[in-house]
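Visitor: Here is my input, please return the structure:
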Amino acid sequence: MKVEKINERPLPDRLDLRGYLERFGRFLARPKPVAMEGDIHQHFRFVRALGQAEIPEPPEMPDLEDRLARLRKQGVLHLDELFDFVRMIRYFNRLRALGLPEPVGSWIVEIEVPDEVREVTQYFTDEGELSSEKEPELYDVELALKRHRSEIRESLRRLTHASKLQEYLVDTQIHLQNGEETLLVRGGFSQAVKATVVGRSSGGFFYILPEQIRQLKEREAELLSRKEAIVWRYCREFSAHFHRWERFLGWLDRQFDRFDHYQARVRFARSYDYEFVLPHKGREIVLHDFAHPAIEKPVPVSIDVSKPIVLITGVNAGGKTMLLKSILSAAWMAKYLLPFRCDAARTKIGHYKHLEAIIDDPQSVKNDISTFAGRMLEFARLFRERDALVGVDEIELGTDADEAASLFRVLLEELKRREMTFVVTTHHKRLASLMAAEEDVELVAALYDEERRRPTYTFLQGSIGKSYAFETAERYGIPVPVVERAREFYGEDKERLNELIERSTRLEAEMRRKIAEVESTTEALRRKEARLKELEEQMREEQRRVLATLENRYNAATKRALAALKKAENTEARQLLNEAHRHKERAKLRRKEERQHPNFQVGQKVRYRSHTAEILSLKEKEAMISVDGMKLRVPLRELTPAVELPKVKKPKAKRSTDVRVEKGERAALHIKLLGMRAEEAEEALDAFLSDALLHGIGEVEIIHGTGTGVLARVVSDFLKRHPRVKKFYRMPGNMGATIAEL
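Guide: Residues are numbered from 1 along each chain as shown. Model (predicted):
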């Protein structure tokens, strides 16, 4: 029997994200799937722009698809159904008046409401009623209704105080019975007042509608019928207008959904202090201080998933499954641009076409499937997919451990060739040992606190963890003598192996701690170097200021001396003045030679901005340098000699450790050239593209405005000449911006 899908639970439920999605749904104006159609990079730019503004809460909005379908068939909508379109239009008008930041502002401004539709919106009050100010007949009807209702209340009040009715009244209250305003009286009331019985109370009394009130009610009903006829006439007229603009209203409804996606994400992130992470094109996942939203007091997770297979071992109830769910949850939330708690500046998440979680027990009595058979069906389905991130919890579930170790090793090796990344939890020491020697397998151990005898819910990469089954059994109440007997059956050799695994884990953790101390010391030296450079620049600036002051004083003194010489010629004084001029020229020449950096040599290490570079060739005022594998031609004035930091000897590690050093600065993703001259714009654009190339950015945004089009032509000509620009194009809608791919 073929079973296509064993686990019917949606992926968010398997990752414990249902509560998170319910909280997010409360920020939406109407329910909708979390996925957004279109380019995620464009969505990210809009969300980031809206994060800088205060957004008014959108009105709650029903699904308008049924109403649009009726408009297409020339149906007539009710007043409240028409008012939903009016509320949506008014919300966009409110956004338009706010002046939202780009690119959102230009998008909202482009939503032009046709005059015919705008005229309809003026006929509605804020409460959704038809405005009587626009229709004189409706005004007269509402005025008459108001007068009649006042007369009914006054008539009822007079009756409750009439002396001939007093002995029959149960109380002086006005009772609402079957939608009618009535009086509660005793039997025999007909001797005092002519009325119609509307109902009887449980005490045997009568609810009556006096004859004079009934006549007023009939007149009120006639007025209400006239009002309904007027409203129906306008509903038919407004529906005809909306029928002509049905395609625009459908488009506006989609724009509302799009903005609803953006504003809900921004307000959700603000409310819970969440961050957005844009997926990159690679397959690497690096989490820093990630907190799963289902945990109230989480221990932040930091882990590097840069290899195709991540094998998580270690203590029972130590967080292995939650680490697996955290990695998959971060990838799922980033895929749909949903915010979460993390250090966004240091977190990187790759893009995967598919996300799979093999977590639950797939056993099914209905389909006659065992646990292991269900697992095999789930793995068989993976052979029909590519480019996926797959999480497998307790991979050995349901079969012999030794056989499963060999089987799953082969399965994982075969599936990773299909561009799949696996995050696996296991207690298989055999499976872990079989895969530990593979270069593309990352081992992660869940750590255990021996002193407190409980898990720490932290993890160590590059090591195999011990299960601590006996300690966990004691912690959850199994009697100690029972656990001791189990240890005896387990055997001394296996227990000694566990001790060796635990010792290796402790040594690995100690080594990582020492490496972190070395890196901290190195970082402190870098900060001191930066401070010394800052002080050096301050001293140079002070020197330039003092020299400028002295030069000004010198010029003033020479002017006065020349003026004095004109009045009284003095040969000796003129000679002294000429000598002073010669000294001044020699000082200028020395400063000019110092600025030319005559000591730079080919092959010398120098600093260019925040990067270390090597000089490849020298000219009079320029140098060709090599930075991160790229060649750049830069002015000599932007180079400074590199200062060699003292080498700190690191302790030798038993296992190779992947240490990554991040660049000191973050490159911008866009540049504004508004108001610049052509030469200034080219120089700024050149520096901006160099920074983007150094940081590996593949796409940048250049904002030049519309204006006369001069800056746009300068940008286009410059990008055509630049050797590292693959292609460029203008953003649609004449937004005054160009996108360049590097």
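
Visitor: so for the helix or strand hosting residue 539, what's the average pLDDT?
Guide: Per DSSP states H and E: residue 539 is located in helix 492-567. Mean pLDDT, helix 492-567: 71.

Visitor: Let me know the pLDDT of residue 130.
Guide: Confidence at residue 130, expressed as pLDDT, is 91.

Visitor: so who does it touch?
Guide: The contact partners of residue 130, by Cβ atoms under 8 Å, 6 or more residues apart in numbering, come to 79, 123-124, 138, 230-231, 234. (Each C-beta comes from the backbone N, C-alpha and C, glycine too.)

Visitor: again with residue 688
Guide: Contacts of residue 688 (Cβ under 8 Å, 6+ apart): 668, 671, 700, 702.

Visitor: beta partners for residue 605?
Guide: Beta bridges link residue 605 to residue 614 when assigned by DSSP bridges.

Visitor: burial measure for it, as a count.
Guide: Per other Cβ atoms under 10 Å, the neighbour tally for residue 605 reads 12.

Visitor: Report the buried members of the contacts of residue 688.
Guide: Among the contacts of residue 688, the ones that count as buried by 16 or more other Cβ atoms under 10 Å are 671, 700, 702.

Visitor: The one helix or strand the last one maps to: partners in the sheet, and parallel or antiparallel?
Guide: Right, residue 702. Residue 702 belongs to strand 699-703 when assigned by DSSP H and E. Paired with strand 699-703 in the same sheet, following DSSP bridges, are strand 670-672 (parallel), strand 737-741 (antiparallel).

Visitor: Of all the ones you listed, which one comes closest to residue 245?
Guide: strand 737-741 (30.4 Å; Cβ to Cβ).

Visitor: Report the buried residues of the closest one.
Guide: Applying 16+ other Cβ under 10 Å to strand 737-741 flags 737-740 as buried.

Visitor: mind giving me the domain split of the protein?
Guide: Residue ranges for the domains of the chain, per automatic domain parsing: 38-132+233-272, 141-223, 285-489, 596-646, 670-741.

Visitor: now do the same end-to-end measure for the second one.
Guide: For domain 141-223, the separation between the terminal residues is 6 Å (Cα to Cα, to the nearest Å).

Visitor: quick one on the thing from earlier: nearest to residue 206 among the contacts of residue 688?
Guide: residue 668 (82.0 Å).

Visitor: can you give me the strands for the stretch 101-250 of the chain?
Guide: Taking DSSP state E, counting those that start in this stretch, the strands of the stretch 101-250 of the chain run over residues 175-177, 180-185, 195-200, 206-210.

Visitor: Test my guess that residue 219 contacts residue 148.
Guide: Yes: here residue 219 lies in contact with residue 148, judged by Cβ atoms under 8 Å, at a distance of 5.9 Å.

Visitor: Mind checking which of the two has more residues around it?
Guide: Neighbour totals were compared for residue 219 and residue 148, and residue 148 leads with 18 against 15 (other Cβ under 10 Å).

Visitor: and the more buried one, what does it touch?
Guide: Here residue 148 is in contact with 216, 219-220, 223 (Cβ under 8 Å, 6+ apart).

Visitor: By neighbours, which of the residues you listed wins?
Guide: Going by other Cβ under 10 Å, residue 223 tops the contacts of residue 148 with 19 neighbours.

Visitor: wait, that one sits on residue 147?
Guide: No: with contacts counted by Cβ under 8 Å, residue 223 stays clear of residue 147, the gap being 9.5 Å.

Visitor: Strands of the stretch 351-500 of the chain, start to end?
Guide: Using DSSP E, counting those that start in this stretch, strands in the stretch 351-500 of the chain cover 354-358, 388-392, 420-425, 441-449, 454-461.

Visitor: Lowest average pLDDT across these?
Guide: The bottom spot among these, by mean pLDDT, belongs to strand 454-461, with a mean of 66.

Visitor: tell me the secondary structure for residue 708?
Guide: Secondary structure state of residue 708, per DSSP: H, G, I helix; E, B strand; the rest coil, is coil.

Visitor: since we're on it, how many residues are nearby?
Guide: Neighbour tally, residue 708, other Cβ under 10 Å: 8.

Visitor: And the one 3 residues further on, by the same measure?
Guide: By other Cβ under 10 Å, 24 other residues sit near residue 711.

Visitor: cool, the one 10 residues further on as well?
Guide: Other residues within reach of residue 721 by the criterion other Cβ under 10 Å amount to 9.

Visitor: where does it sit relative to residue 670, distance-wise?
Guide: 21 Å (Cβ to Cβ, to the nearest Å).

Visitor: picking up where we left off before, make TSV from the strands of the stretch 101-250 of the chain and add mean neighbour count, mean pLDDT and distance to residue 682 to it.
Guide: Putting these into TSV (neighbours: other Cβ atoms under 10 Å; pLDDT from 0 to 100; distance: least, Cβ to Cβ, whole Å) gives the following:
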stretch	mean neighbour count	mean pLDDT	distance to residue 682
strand 175-177	14	85	79
strand 180-185	22	86	81
strand 195-200	16	87	88
strand 206-210	22	88	88
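
Visitor: if I pick the residue positioned nearest the centre of the chain, what's in contact with it?
Guide: When Cα atoms, centre = their mean is applied to the chain, the residue found nearest the centroid is residue 276 (2.6 Å). By Cβ under 8 Å, 6+ apart, the contact set of residue 276 is 44, 47-48, 265, 269, 337, 339, 344.

Visitor: Ok, residue 104 next?
Guide: 46, 49-50, 53, 262.

Visitor: What of residue 742?
Guide: Here residue 742 is in contact with 689, 692-693, 697-700, 724-726 (Cβ under 8 Å, 6+ apart).

Visitor: Pull out the buried members of the residues you listed.
Guide: Buried, going by 16+ other Cβ under 10 Å: 689, 692-693, 700, 725, out of these.

Visitor: and which of the contacts of residue 742 is nearest to residue 378?
Guide: Taking those together and measuring to residue 378 by Cβ to Cβ, the closest member is residue 698, at 35.4 Å.

Visitor: Looking at the buried residues of strand 737-741, spot the one nearest residue 407.
Guide: residue 739 (48.8 Å).

Visitor: Could you list which residues are in contact with that closest one?
Guide: Taking Cβ under 8 Å, 6+ apart as the test, what residue 739 contacts is 699-702, 728-731.

Visitor: one more time with 7 Å
Guide: For residue 739, the contact set (Cβ atoms under 7 Å, 6 or more residues apart in numbering) comprises 699, 701, 728-729, 731.

Visitor: Kindly report the same for residue 725.
Guide: Counting by Cβ under 7 Å, 6+ apart, residue 725 has contacts 719, 740, 742.

Visitor: how about 10 Å then?
Guide: 689, 693, 700, 718-719, 740-742 (Cβ atoms under 10 Å, 6 or more residues apart in numbering).

Visitor: cool, residue 379 as well?
Guide: 358, 390, 392, 395, 407-408, 411-412, 414-415.

Visitor: Relative to residue 418, how far out is it?
Guide: From residue 379 to residue 418 the distance is 12 Å (Cβ to Cβ).

Visitor: Confidence-wise, which helix or strand of the protein is lowest on average?
Guide: One helix or strand of the chain scores below all others by mean pLDDT, DSSP states H and E: helix 469-475, with a mean of 58.
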